[in-house]
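> for reference, the sequence and a predicted model appear below.
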Amino acid sequence: MSKKHRAKYSPEVRERAVRMVMEHGAEHASQWAAIVSIAAKIGCSAQTLHNWVVQDERDRGARAGLSTEERERIKALERENRELRQANEILRKASAYFAQAELDRRFKP
């Protein structure tokens, strides 16, 4: 049973890595070449660093898509919506239970 290990990088490491890509991009043939080089130095995969760069571009408005703040807001709203649906389901079942109990009490001879 081997689970895929996912390394967690601090926000500071992510920020520094993205900044390095932006600052040293001109020294490489392409942004991807800069990403590959810098990812090897910080110990993450090139795809991970690429994802960080893309999200940073979204956060700065340089690329279309949801910013980190918008993604977190949507996630919170979805969680709240799920919790409210569960609460409504519990209340609906409780209401039906008590309504049935009231009917049973009224019609007993």
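Structure received.

> assign the nearest residue to Q31 once chain neighbours are set aside to helix, strand or coil.
Leaving aside its sequence neighbours, Q31 sits nearest to G25 (Cβ to Cβ, 6 or more residues apart in numbering; 5.4 Å). For glycine as for every other residue, the C-beta is placed from the backbone atoms N, C-alpha and C. The assignment at G25 comes out as helix when based on DSSP: H, G, I helix; E, B strand; the rest coil.

> now A64
coil.

> if we can go back for a sec, hang on, the residue nearest to Q31 packs against A34?
Yes: using Cβ atoms under 8 Å, G25 is in contact with A34, at 4.6 Å.

> higher neighbour count, the two?
A34 (22 against 17; other Cβ atoms under 10 Å).

> now the helix or strand hosting the more buried one - C-alpha only, CSV.
Assessed by DSSP states H and E, A34 sits inside helix 31-42. Extracted in CSV, the C-alpha atoms of helix 31-42 (Å, rounded to 0.1, in the frame of the first residue of the first chain):
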residue,chain,number,x,y,z
GLN,A,31,10.0,30.1,-19.7
TRP,A,32,9.7,26.3,-19.5
ALA,A,33,13.6,26.0,-19.6
ALA,A,34,13.8,28.4,-16.7
ILE,A,35,11.1,26.4,-14.8
VAL,A,36,12.9,23.1,-15.4
SER,A,37,16.2,24.6,-14.2
ILE,A,38,14.8,26.3,-11.1
ALA,A,39,12.6,23.3,-10.2
ALA,A,40,15.7,21.1,-10.0
LYS,A,41,17.3,23.6,-7.7
ILE,A,42,14.4,23.9,-5.2
